[in-house]
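>>> here is the input, now give the coordinates:
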Amino acid sequence: MTELEIKKTPSTPKVWYSSDEATLRIEGRSFPENARDFYGPIIQWIESNTSNLGSLFTVSINLEYYNTASSKFLMEIFHLLEKIQNTGDCKVTIQWHYMEEDDDMRDAGLEYKQFIHVPFELISFN
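Got it, this is the predicted structure:
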């Protein structure tokens with residue numbers, strides 16, 4: 001499986017794949033100037049590695065803030081994960097992390113969970 005690592009910038013999150021944990025992590029703030037340019041390679045990475053994901057694959061999202069354009073691409077990633085889950089070859093889990101007092105991020109996670117048909121965990125932290 002190809003490695004994936006995108007360094008964090010002031011307007012984009014850190015993105016990396018941990019093969020030890022079979023987890024793709026997205027952490028930080030997401031308001032890139034061009035969301036397609038930022039999220040496109042992540043979507044392509046998932047698509048090109050679908051057959052190598054194994055039996056379990058987790059996507060862990062821990063964003064402090066994201067804009068509308070990022071939201072659109074997160075939903076695209078979630079729909080892709082739903083497709084992967086539906087093949088039956090890989091069990092996909094999405095983990096949505098949010099600060100306990102951040103109602104907006106919690107509500108965003110609840111909204112995504114409502115529309116995505118894969119295990120979707122809401123995880124609060126202090």
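>>> state which strand of the protein is the longest.
As assigned by DSSP state E, the longest strand anywhere in the chain is strand 56-66.
>>> strands paired with it, and their directions?
Paired strands of strand 56-66, with direction, are strand 23-30 (parallel), strand 91-99 (parallel) (DSSP bridges).
>>> tell me the helices and strands packed up against the helix or strand that that strand is followed by.
Next helix or strand after strand 56-66 toward the C-terminus (DSSP states H and E): helix 68-86. For helix 68-86, the packing partners by 3 or more C-beta pairs under 8 Å, 6 or more residues apart in numbering; DSSP states H and E come out as helix 35-49, strand 56-66, strand 91-99, helix 103-115. C-betas here are computed from N, CA, C, even on glycine.
>>> quick one on the thing from earlier: average model confidence for the longest strand of the chain?
Per-residue pLDDT values over strand 56-66 give a mean of 97.
>>> now find how far off-centre it is within its chain.
Averaging C-alpha positions (C-alpha atoms, centre = their mean, to the nearest Å) puts strand 56-66 4 Å from its chain's average.
>>> out of the helices and strands packed on helix 68-86, the one nearest Gly28 is which?
Minimum separation from Gly28 across those (C-beta to C-beta) falls at strand 56-66, 6.7 Å.
>>> what does the closest one contact?
13, 21-31, 70, 74, 77, 81, 84, 90-99, 105 (C-beta atoms under 8 Å, 6 or more residues apart in numbering).
>>> residue with max distance from the center of the chain?
Glu101 (21.3 Å; C-alpha atoms, centre = their mean).
>>> that one and Glu27: what is the separation?
Using C-beta to C-beta, to the nearest Å, Glu101 is found at 18 Å from Glu27.
>>> what of Ile61?
Ile61 sits at a distance of 8 Å from Glu27 (criterion: C-beta to C-beta).
>>> so for the two, which sits in the more crowded spot?
Between Ile61 and Glu27, counted using other C-beta atoms under 10 Å, Ile61 has the larger neighbour count: 24 against 16.
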